[in-house]
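1. The sequence and its predicted three-dimensional model are supplied below.
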Amino acid sequence: MKKIRLLLVDDETDFLNAYARRFARRNVETTLAASGQEAIDQVRENTFDVVVLDVMMPEMNGLETLRRLKAIEPDLPIIILTGHADSRVLIEGMDMGAFDFLLKPVGTDELYFKVLDAIRARHRGQP
Amino acid sequence: MKTALKTLFHFIHGNPEGKREAVDKFLNKSEDFRLLLSANGKALELMAEMTDAARSGQPSGITRVRAYSVMVASSVRQMIERLCRMAPGKYDGLREAFNEIVRNMDQAFSGPAKGPLGPPVLRMRDVRAIDLPETGSKVAMLGEIRAELGAIVPRGFAITASAFRLFMQTTGLDDEINRLIQIHDGTTLEELSDLAASIRQAIDLAPMPRELEEAVREQCARLGDIRFAVRSSALGEDSEQTGFAGQFVSKLGVKPPQVTDAYRAVIASMYSATAITYVRNRGLREDEMVMAVGCMEMVDAVAGGVIYTRPPVGGGLDKVIINAVPGLPCAVVDGSSLADSWTVDRETGKIVTRDIAEKEIRFVLTSGGQVRKEKLYGGRELAPAISDHDAERLAALALRIEAHFGHPQDIEWARDREGLLVILQCRPLTICEEPAELPATDEESRSLAILSGCIPASPGAAAGYVVKVETDEDMFRFPDGAVLLARNARPQLSALLPRAAALVAEFGSSVGHLANVAREYGIPALIGAPGAVERLSGVGVITVNGNNGTIYLGRRKRMIEREARPTARMRTTDVGLALERVLTFITPLHLTDPESPDFRPDGCRSMHDITRFCHEKAVSEMFTQDERPVAGARRLTGQQAMQYWLVDIGGGTSGTDQAGGESRRNITIGDVRSSPMRALWYGMMAVPWEGPPAPTMDGFMSVMTSAAQNPALAAGVRNDMGERNYFIVGGHYCNLQSRFGFHFCTIEGFAGDDPNVNYALFQFKGGGASMDRRQMRSRLVAEVLEKRGFIVEIRDDALFARLEGVSRQAVEQAMAMLGYLLMHTRQIDMSMAAPAMVVHYRDKFEADIEELLEGLPGELREAGCTA
């Protein structure tokens, strides 16, 4: 059965692994990237249905990563998932074309539904 | 899903291009509409929770308030994005209105402006009371009484508030700590302990700024090879309103090279489970806590203790109270030992009473600077810790300090080997009002007294199940509303006080930290209750009377009512005020009239206004008649015409455009070839609606025809607003959108040969009954759907259910089931008052569904839908 290809970008590896494990049971193939640069490399080389992106990461922050990912693949839906309740990041991220902005902690169901929403919206021709 | 749509449009053979575009546009719009409704539900839910929090005065951290505000903003922004996509270019002004409201919300959170950084350390001899914003109260008060009163205080220095800000900002710890608080969303003691451990680790790993490290090294070198007491002196600590008594750690016996490590530990204690509990319950902002630290020479004390310049309960009495223990004074403040006690007349300065306790232990400073506990024996346990003369000297000094600050004081002191009386700290004393004259206890209560003569530490009376707490595990398990029973009055127990009905501790004193915190919270407390642990363990419910020092068996209702005291309200706290301020930009609804000229993007002044505007406009965009792909719509007819229209996007029906006359405008279900539509229709029709209300006609089709025509019977297909209900169908596809008033239902399914692209969706919201009944209905429907493999999400009374990646047959079964549920669950909210009704409906639904699914393959075969 064809799986949803999800790229999960976060510098906290415990967080990445926990979600990857939970999503594995839901027909989601999760690729992990621990930095913005890794995410960019992954998107250049592989095809993803959706990206879930942290904001506070060393070297390249999430907003910069978002900008670069959108330059590579404008239609790729990107969901911001951050532990920082920062309205500036919300506004900037959405202005840059993020599909949605979520705050940690987020339940597996909620994130999964958001991933499905993003994929559906994408295939209806919207970012 | 991409393949799903490709496959979908694969079936649009021979379809005119214009019609295909219209269908495409409609499907895009309906998807955006769904997402907008979902975001609307979430925004309103979050707003309701914030309003409840403000109204109830329940404690909540500033991090949580901020997170909720941003989540509301995120949901509202999502609504704007969806509306802007439904009607490109029409509502772009909403983004500017949104940004303006967000700026106002941010403003509501901002604390006082912070000036430039000052020096990272200050020498004790240079500190005065006016340095409080840099050194915290504890160090500032010591500097003040040294300089102004000539009091002896330890040598040392302060690591300032500026040093703290430097440490937090240069390392990014401030952001990181806020993030950790945000992502550890829990409120239980266990969750808060996990959070504290994460923050402690972050603080330990952060590099100490070089400027600060060098300044500390310089101060240590100046003082020589001494041992330090490194004590918290947080801003706001020791204030009259919030004492933070015992919430933060002090590190004793610290060698000079270890001072920065001790500094980290003291900072980390600001985020301990105990401290965070205190901060939240007092409505303080954890993002504005600043820890200054006092590094003071350890006093090699032969005795020490605490002075209250007035009795903490009933401060009107004209006495100074002095508690003393042999050795270091920590045994008094942490409640680990009984203490000797003197009362001294404030006027004459003479001793009034003397009470020498049997002291089991003392703490001493070893030659290596360590603090060691020693057992007292050989008569020393009964020897007074200090002489009467020292008690009178202490009282005199304490009264001078009180006079200087103009407020009763709580003073920690030590007597060194040379007989010098050293002041270790002083702070304003929290005084509880004089308890009302003790009412005569009724006969029955007297007979139920199980322990009396305990020392009242905090007044009032309360009852609860008595629960003994000895270990951390006991603390985690402590139930809300119980009476906390402990052997020692340890300050760590203060984390439980907000949840406790009352406190009883066998050892400790009414001048210890725990007693202070109990008084701040207004929780009745008895500290110094000999035999309490043995006598009270396992006796069940008790009433603790903090006025007369007596404990009664059972709940003494009249006593509790008589001695109830008002508690502080959250709205007057820092967090409460921030919440109130930010809510003024979130919840007020100004846009109430869609016909008003102000009903436009720049008329939105709150998040609620934007949700209202988006919802209204989205409904209008979605259901504007001429924007629907209705050009080729045909009306479904049975024996009578129904309020269902059907748009075939290709391969969904056997009828062709070549047919003329009536047949071009009408179609029967027999002409439908779309298997998910057939299955859905079958589900809608298979079981007659039994009410309430009762069916008006007999027979299968007649009931359904009525349902389709009569709004009272079938709210989901009601057309009293001139709305039609459209099926959009393809060979393997079906979408049904119903609108009735402001209530919506969507069912969508794709049932092809590739399970990867198959799905069924169900969204349902609204109804006429009260919210709790509608919620009960949603939960019941969710239960039925989950049993059949759906993933279901409920927000308020809205239900979103999905089934994906399954076989064609499974989608058809799902559509039939959804059809059944659509027709049979709309009005059951009216009768869902009792749990028995829930059980009744669940059993009925499951039996009906079981039965109807058995008939499904035949129905589809008949229609030529199966392979």
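-> Good, I have the coordinates.
2. gap between residue B:618 and residue B:763?
-> Distance of residue B:618 to residue B:763, computed by CB to CB, to the nearest Å: 14 Å. The way it works is simple: take the backbone N, C-alpha and C, and place the C-beta from them, glycine included.
3. Run a quick neighbour tally on residue B:176.
-> By other CB atoms under 10 Å in any protein chain shown, 20 other residues sit near residue B:176.
4. So it sits against residue B:203, correct?
-> No. Contact criterion CB atoms under 8 Å: residue B:176 and residue B:203 do not qualify, at 9.2 Å.
5. so where's chain A uncertain?
-> Within chain A, the stretches with pLDDT under 70 are A:1-2, A:124-127.
6. just the residues of it that are near chain B, which are they?
-> With CB under 8 Å from any CB of the partner chain as the criterion, chain A comes near chain B at residues A:1-2, A:27, A:56, A:83-87, A:90-91, A:94-95, A:100-105, A:109-110, A:112-113, A:116-117, A:119-126.
7. ok, residue B:792 - contacts?
-> B:782, B:785, B:786, B:799, B:800, B:801 (CB atoms under 8 Å, 6 or more residues apart in numbering or on different chains).
8. For residue B:312, grab phi and psi.
-> Phi and psi for residue B:312, reported as degrees, to the nearest 10, are phi -70, psi -30.
9. Provide a list of residues in contact with it.
-> Taking CB under 8 Å, 6+ apart as the criterion, residue B:312 is in contact with B:410, B:429, B:430, B:431, B:432, B:457, B:510, B:511, B:515, B:516, B:519.
10. That one and chain A: what is the separation?
-> Distance from residue B:312 to chain A, counting by CB to the nearest CB, to the nearest Å: 40 Å.
11. again, but for residue B:387
-> Separation of residue B:387 from chain A (CB to the nearest CB): 58 Å.
12. burial count for that residue?
-> When neighbours are counted by other CB under 10 Å, residue B:387 registers 12.
13. got a list of what it touches?
-> Listed by CB under 8 Å, 6+ apart, the contact set of residue B:387 is empty.
14. The longest strand belonging to chain B: how far from the chain's middle?
-> Ranked by residue count under DSSP state E, the longest strand found in chain B is strand B:641-650. Taking CA atoms, centre = their mean, to the nearest Å, one finds strand B:641-650 lying 48 Å from the centre of the chain it belongs to.
15. Stretch A:92-103 too?
-> Between the centre of stretch A:92-103 and the centre of its chain there are 10 Å (CA atoms, centre = their mean).
16. what's the host helix or strand of residue B:423 packed up against?
-> Using DSSP states H and E, residue B:423 sits in strand B:421-428. Of the remaining helices and strands, those touching strand B:421-428 by 3 or more CB pairs under 8 Å, 6 or more residues apart in numbering or on different chains; DSSP states H and E are helix B:132-149, helix B:388-405, strand B:409-416.
17. As a markdown table, the ones you listed with mean pLDDT and mean neighbour count would be great.
-> Supplementary listing: those in a markdown table, determined by pLDDT from 0 to 100; neighbours: other CB atoms under 10 Å in any protein chain shown:
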| stretch | mean pLDDT | mean neighbour count |
| --- | --- | --- |
| helix B:132-149 | 90 | 23 |
| helix B:388-405 | 93 | 18 |
| strand B:409-416 | 93 | 23 |
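18. Same list (the ones you listed) but as TSV, adding distance to residue A:77.
-> What follows is those, written out as TSV (distance: least, CB to CB, whole Å):
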stretch	distance to residue A:77
helix B:132-149	48
helix B:388-405	62
strand B:409-416	59
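19. just so I know, which of the ones you listed lies nearest residue B:577?
-> When those are compared by CB to CB, helix B:132-149 sits nearest residue B:577, at 20.4 Å.
20. give me the low-pLDDT residue ranges for the stretch 551-700 of chain B?
-> Along the stretch 551-700 of chain B, the parts satisfying pLDDT under 70 run over B:563-572, B:623-632, B:639-642, B:655-664, B:689-700.
21. same thing but 80
-> Counting by pLDDT under 80, the stretch 551-700 of chain B shows low-confidence ranges at B:561-574, B:592-594, B:619-620, B:622-633, B:638-643, B:647-651, B:655-665, B:688-700.
22. how many other residues sit next to residue B:593?
-> Quick note: residue B:593 (other CB under 10 Å) scores 9 neighbours.
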